[in-house]
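After the sequence you'll find the predicted model.
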Amino acid sequence: MTDTLRQSRSPLYLQIAEILRQDLDRGVWTAGELLPTISALSAQYSVAKITVRQAVKILEEEGLLESRRGRGTTVLPPPPSRDRLHLGTRLSTLADLYRGDKPALDLLEDRDADVAGELLIGTVSERGYHLLRRTHTRDGETYCVISIYFEKDVFARHEAEFRTQLALPVLVDSGDIDIARARQSLTIGKSDYDTAGLLGLAVGDPVVEVRRVICDAQDRIIYLADVTYRSDYVRLEMDLLA
């Protein structure tokens, strides 16, 4: 464990805080139980007692622990768990999940733009694209940054809806939009400076990066979205027999 901790550039007390936080999440100690003593934790992780005290202080400030002189450190009831956003593996599943969902949409960019990067499927439309880049926020917490490239003709027909609603249900439910193919890729990355500021993260914190592409019957891309989610806000489920 000591070598593992020393391999990271992160301060030891932050690493110990994260270890304890994960143990609390997993239920190693439950509400009302006493945390092992500072001396015991110091010995377990081969770090100085002051390092453990600093880590415990962080979790106290987060409302996870409570320390009282002469009584030790007590585990507090966990905060209400957030409803994680399920990243479905089918377009219909995603549309169903988003249908009726109304997060706060805060616009960051609104302009014509070229699609860049790996397309996954399809070809770029000669009509060009309009970009809406925005954040999505629920219950006061911003959970994703999304850049959506709409084929201009599709955007013009449903501009008001795309500006005020989540885009996927609009695409799926609109009878005048022809959807022939759709694909999604998912990778685990690290937040950069801009994304960290928007999502309330530290630079380098893990994020889930999704690219989602939808094509029409002519195999033209009519929708391409690059989405960066807080990693603690999403969950991927797959039916292995589907």
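That came through, no problem. A quick note: this is a predicted structure, and the numbers were derived from the prediction, not measured.

so the residue lying farthest from the centre of the chain, which of the three states?
When each C-alpha in the chain is compared with the mean C-alpha position (Cα atoms, centre = their mean), Gly70 comes out farthest, at 40.4 Å. Assigned by DSSP: H, G, I helix; E, B strand; the rest coil, the conformation of Gly70 is coil.

which is the next helix or strand following the lowest-mean-pLDDT helix or strand in the chain?
Every helix and strand in the chain was compared by mean pLDDT, DSSP states H and E; the lowest is helix 2-7, with a mean of 62. Following helix 2-7 in sequence order, the next helix or strand is helix 12-26 (DSSP states H and E).

what's the following helix or strand after that following helix?
Downstream of helix 12-26, the first helix or strand assigned by DSSP H and E is helix 38-45.

same for that next one, what does it pack against?
Here helix 38-45 touches helix 12-26, helix 49-61, going by 3 or more Cβ pairs under 8 Å, 6 or more residues apart in numbering; DSSP states H and E. In this view, the C-beta of every residue, glycine as well, is placed from N, C-alpha and C.

so which of the ones you listed gets nearest Asp96?
helix 12-26 (28.6 Å; Cβ to Cβ).

pull the CA atoms of the closest one into PDB?
Coordinates of the C-alpha atoms in helix 12-26 are reproduced here as PDB (Å, rounded to 0.1, in the frame of the first residue of the first chain):
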ATOM      1  CA  LEU A  12      -0.900  11.600   0.800                       C
ATOM      2  CA  TYR A  13      -3.700  13.100   2.900                       C
ATOM      3  CA  LEU A  14      -5.900  13.400  -0.200                       C
ATOM      4  CA  GLN A  15      -5.200   9.800  -1.100                       C
ATOM      5  CA  ILE A  16      -6.100   8.600   2.400                       C
ATOM      6  CA  ALA A  17      -9.300  10.700   2.300                       C
ATOM      7  CA  GLU A  18     -10.300   9.100  -1.000                       C
ATOM      8  CA  ILE A  19      -9.600   5.600   0.400                       C
ATOM      9  CA  LEU A  20     -11.800   6.300   3.400                       C
ATOM     10  CA  ARG A  21     -14.500   7.900   1.300                       C
ATOM     11  CA  GLN A  22     -14.600   4.800  -0.900                       C
ATOM     12  CA  ASP A  23     -14.800   2.500   2.100                       C
ATOM     13  CA  LEU A  24     -17.700   4.500   3.400                       C
ATOM     14  CA  ASP A  25     -19.400   4.300   0.000                       C
ATOM     15  CA  ARG A  26     -19.000   0.500   0.100                       C
END
